[in-house]
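Colleague: Provided below are the primary sequence and the corresponding predicted coordinates.
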Amino acid sequence: MKAEIAARDGDLRLCLLLGIAAWFLFLDHVPHNAVGLLTLRNFGFSGATDLFVFVGGYTAAILYGKMMLERGLIVTATRIFKRLWQLYAAYVVLFVIYIDLIGYVARKSAAPEIINEFNVTGIVDHTIRTLIYGLLLQAKPLNLDVLQLFIVLMAFFPFVLFGMMRGPNLTLAGAIGLYVVARHLDWNLSAYPDGRWYFNPFCWQLLFVLGAWLALSGARTMRAIQALQNLSILRVAALLYLLFALTVTLAGKFPQLAALIPEPLLDTFLPNDKENIAPYRVLHFLALAFLVSHLVPQDWRGFQWPALQPLMKCGEEWLPVFCAGVFLSFAGHLVLITGPDSLAMQVLVSIAGIASMTSVAYYVSWSRRQDQKPTPARNPDEAATLVPTAHTQYEHGSTGWPDRSSQTSSRQPSCSTDLPATMPRI
């Protein structure tokens, strides 16, 4: 298992994929935005949230799995809960400022309907009660549900990681069993003032655990699959399923195309079950991941392309980027409903939002480097030992991966911290 973790530590595909998820989540959270039609959810059953949860589980398993092998369960559990507290603190600050900002804008502007649209109706009549339920993760203001889901998933991750170390296949079977039972018995967490969680954690944990399983013990299965002589058949089957998902998804948007597809088939896949993450949605994401892992190897030269550096930087600093994206999506929505609602304005809002998120990522990375700047070394060998490692960054509350500019030219940059546990300096 140490060899498997070492082989995956520093996989820049995680930076790239998490950056894509951060950008797509922002675009998806701006209503009536034509640019949002380019995101993942418009081309199949799965979307940016699926990518975000899976990569989070995969990366957390690499970091904390390595720590558990080297330092034991107790130390690892305390580090996970430390990160969980930081993640919860970031959510609390984001929640309080976010709902207060929405209420203020609704009172001062000519758009009071945004209170209902952003699910914060209780803040006007029951402010204290709404804040209390928000601290308990039961309030559901729009666009914060992904962060709420991650907090719950990380709270149970020590148990998942312990199971992965002792019996990975049995732990995965338990996650599948919980998923099946939760869907069959309709388990979910309640929300305030009514309704349920938009992302059912009893079901979404499956994708998180699948990511952890593939990171720690799924390599043998993947090598066995790659050794098959009919591997090309599997790739063709995955591609055909993606094309089928694309057709069904487009049929939900275009009645002309829907008329060509049997109605029972459309009723099976539409509307897409996002709350309980339907099995066909999980299968779609796994097929997509299977093809992407083949097309984009771990040593892909494209990671050095200048055009991809902003995207990967946003992946490195996902939490401050996500928090900024929540506010920027609200600001973009406000601009579109109060200003000229044209295609040019929608493109401008999208570009400005992504540029602002990228600026936040670069600033946070630069600020962290100033705090961790090593003291001058006497010789090159000593200087090499002063480069922050994954564990030193973790112990000092690092907010992301080591910056690529601080690595030596002979060493591949590393995504060295767990995604769901990072937080900005507040």
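Modeller: Arrived safely, thanks for sending.

Colleague: Please, where are all the helices along the stretch 101-250 of the chain?
Modeller: Here the stretch 101-250 of the chain has its helices, by DSSP state H, counting those that start in this stretch, at 114-117, 122-125, 127-135, 145-155, 157-166, 168-185, 201-216, 219-226, 231-251.

Colleague: Now do the residue nearest to Ala251 when sequence neighbours are not counted: how many residues are near it, please.
Modeller: Distances taken as CB to CB, 6 or more residues apart in numbering place Ala258 nearest to Ala251, at 4.2 Å, with adjacent residues excluded. Any C-beta I mention is one placed from the backbone N, CA and C, and that applies to glycine too. Counted by other CB atoms under 10 Å, the residues lying close to Ala258 total 15.

Colleague: Where does the prediction get shaky in the stretch 1-150 of the chain?
Modeller: 109-113, 115-116, 119-125 (pLDDT under 70).

Colleague: 50 instead?
Modeller: In the prediction, the stretch 1-150 of the chain carries no residues with pLDDT under 50.

Colleague: related to what we said a few turns ago, please tell me I have it right and the residue nearest to Ala251 contacts Phe269.
Modeller: No: here Ala258 does not reach Phe269: they are 11.4 Å apart, not a contact under CB atoms under 8 Å.

Colleague: Could you work out the end-to-end span of stretch 178-198 for me?
Modeller: 18 Å (CA to CA, to the nearest Å).

Colleague: What of stretch 164-171?
Modeller: End-to-end distance for stretch 164-171, by CA to CA: 6 Å.

Colleague: and what of stretch 130-139?
Modeller: Using CA to CA, the end-to-end distance of stretch 130-139 comes to 7 Å.

Colleague: still on that earlier bit, which one, of the helices of the stretch 101-250 of the chain, ends up nearest to Gln372?
Modeller: Gln372 lies closest, by CB to CB, to one member of the helices of the stretch 101-250 of the chain: helix 145-155, at 24.0 Å.

Colleague: any residues touching the closest one, and which ones?
Modeller: Helix 145-155 is contacted from outside by 25, 49, 52-53, 56-57, 60, 80, 83-84, 87-88, 90-91, 94, 137, 140, 189, 197-199, 201, 204-205, 208, 322, 420-421, using CB atoms under 8 Å, 6 or more residues apart in numbering.

Colleague: Now, those that are in strands?
Modeller: With DSSP state E as the criterion, strands contain none of these.

Colleague: Narrow those to those that are buried.
Modeller: 25, 49, 52-53, 56-57, 60, 80, 83-84, 87-88, 90-91, 94, 137, 140, 197-199, 201, 204-205, 208, 322, 420-421 (16 or more other CB atoms under 10 Å).

Colleague: if we can go back for a sec, can you flag the weakest of the helices of the stretch 101-250 of the chain by average pLDDT?
Modeller: The stretch with the lowest mean pLDDT among the helices of the stretch 101-250 of the chain is helix 122-125, at a mean of 64.

Colleague: count of residues packed around His333?
Modeller: Counted with other CB under 10 Å, His333 comes out at 22.

Colleague: Phe24 now?
Modeller: Neighbour count for Phe24, taken as other CB under 10 Å: 22.

Colleague: I figured it was touching Leu40, is that so?
Modeller: Yes: here Phe24 reaches Leu40: they are 5.7 Å apart, a contact under CB under 8 Å.

Colleague: Now for these two: what residues contact both?
Modeller: With contacts taken as CB under 8 Å, 6+ apart, the residues that reach both Phe24 and Leu40 are 47-48, 51.

Colleague: any idea how far the residue most central in space within the chain lies from Phe330?
Modeller: Closest to where the C-alpha atoms of the chain average out (CA atoms, centre = their mean) is Phe52, at 2.2 Å. To Phe330, Phe52 is 19 Å away according to CB to CB, to the nearest Å.

Colleague: Please apply the same query to Ser359.
Modeller: 18 Å.

Colleague: Please identify which of those two sits among more neighbours.
Modeller: Taking neighbours as other CB under 10 Å, Ser359 and Phe330 compare with Phe330 leading, 21 against 14.

Colleague: per-residue pLDDT, that one?
Modeller: Residue-level confidence at Phe330 comes out at 89, pLDDT.

Colleague: pretty sure it is touching Ala106, no?
Modeller: No: Phe330 lies out of contact with Ala106 (CB under 8 Å); the separation is 11.0 Å.

Colleague: Could you list the low-confidence segments of the stretch 301-426 of the chain?
Modeller: Within the stretch 301-426 of the chain, the stretches with pLDDT under 50 are 382-426.

Colleague: How many neighbouring residues does Ala173 have?
Modeller: Residues contacting Ala173 under the criterion other CB under 10 Å number 11.

Colleague: and it, what does it touch?
Modeller: Per CB under 8 Å, 6+ apart, neighbours of Ala173: none.

Colleague: Quick check: the gap between it and Asp186.
Modeller: Using CB to CB, one gets 22 Å for the distance from Ala173 to Asp186.

Colleague: Check the gap between Arg368 and Gln86 for me.
Modeller: Relative to Gln86, and taking CB to CB, Arg368 is found at 14 Å.

Colleague: And those two? Which one has more around it.
Modeller: Neighbour count, other CB under 10 Å: between Arg368 and Gln86, Arg368 has more, with 22 against 18.

Colleague: Name the nearest residue to Asn33, ignoring sequence neighbours.
Modeller: Using CB to CB, 6+ apart, the closest residue to Asn33 is Gln346 (5.1 Å).

Colleague: In a helix, that neighbour, correct?
Modeller: Yes: counting by DSSP: H, G, I helix; E, B strand; the rest coil, Gln346 is part of a helix.

Colleague: residue contacts, it?
Modeller: Gln346 neighbours (CB under 8 Å, 6+ apart): 32-35, 336.

Colleague: again, but for Trp213
Modeller: Here Trp213 is in contact with 61, 164, 168, 171-172 (CB under 8 Å, 6+ apart).

Colleague: repeat for Val160
Modeller: Taking CB under 8 Å, 6+ apart, we find Val160 in contact with 171, 175, 208-209, 212.

Colleague: likewise Pro310?
Modeller: Pro310 makes contact with 19, 358, 361-362, according to CB under 8 Å, 6+ apart.
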